[in-house]
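**Q** take a look and give me a structure for this.
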Amino acid sequence: MDKMLRDIKAWLNHTKEGPRRTKEDLARFELLWNTLRGLILEIKDKENPEDLEKDFLDKVMYTGKIYRFHRKFKHSFPYGIDFDGYDRSWTAQTDLSKMYIFNKDCKYLEISRVLTEDDFGIDLNGFEEVANKYGEPFYLGSPAIKDEKEIIFPLKDDGKNEFKIIRL
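**A** Next up is the predicted model:
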């Protein structure tokens, strides 16, 4: 568990404005995210999960709408985006004024999609909540980081994404 918590912290401490994660970094983090997905699937298959498992499933497995924003993009599909299938940071936050990373003078490419029980994300706020409830002190960071409502999900083009160019 300690390694998992350290790895999530390392993911969170990556700069939003600096260099992109390398393919090697993304591949290393895939082990973490796939481990968590496997745990979720294992719990889903149980007939009588324990309370901790129920809470984990309820808080960490994310279904619903998510968003990803790109400041650097081209104006036609695929918008200069590398849909490589690696996990990336998405958000469930709908009030973009709560997200510190936005510059109000810029245009952004908004990618959105709806996640289902068969194609779910990993809710980092939910992970923090469960870890702390069951005695593993873990904090995502500042209120600004928590307000991002970060969801981990692959950046893939499977026809389920919606695209829109927005200005805040």
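**Q** who touches stretch 137-146?
**A** The contact list for stretch 137-146, computed with C-beta atoms under 8 Å, 6 or more residues apart in numbering, reads Leu5, Ile8, Leu12, Tyr100, Leu124, Asn125, Phe127, Glu128, Ala131, Asn132, Glu150. C-beta: built from backbone N, CA, C; applies to glycine.
**Q** sticking with the first one, tell me its helix or strand.
**A** In this case it means Leu5. Leu5 belongs to helix 2-12 when assigned by DSSP states H and E.
**Q** what's the following helix or strand after that helix?
**A** helix 23-45.
**Q** and that next one, how far from the chain's centre?
**A** Helix 23-45 sits 12 Å away from the centroid of its parent chain (C-alpha atoms, centre = their mean, to the nearest Å).
**Q** list the helices and strands the helix or strand just after that helix packs on?
**A** Tracing the chain past helix 23-45, the next element assigned as helix or strand by DSSP H and E is helix 51-60. For helix 51-60, the contact count by 3 or more C-beta pairs under 8 Å, 6 or more residues apart in numbering; DSSP states H and E identifies helix 23-45, strand 121-123, helix 124-133 as packing neighbours.
**Q** and of the ones you listed, who's closest to Asp95?
**A** Nearest of these to Asp95, taken as C-beta to C-beta: helix 124-133 at 14.7 Å.
**Q** buried residues in the closest one?
**A** Under the neighbour-count criterion of 16 or more other C-beta atoms under 10 Å, helix 124-133 has Leu124, Asn125, Gly126, Phe127, Glu128, Glu129, Val130, Ala131 buried.
**Q** how confident was the prediction at the closest residue in space to the fourth one that isn't next to it in sequence?
**A** Pointing back at Phe127 there. Using C-beta to C-beta, 6 or more residues apart in numbering and skipping the chain neighbours, the partner closest in space to Phe127 is Val60 (5.1 Å). pLDDT recorded at Val60 is 97.
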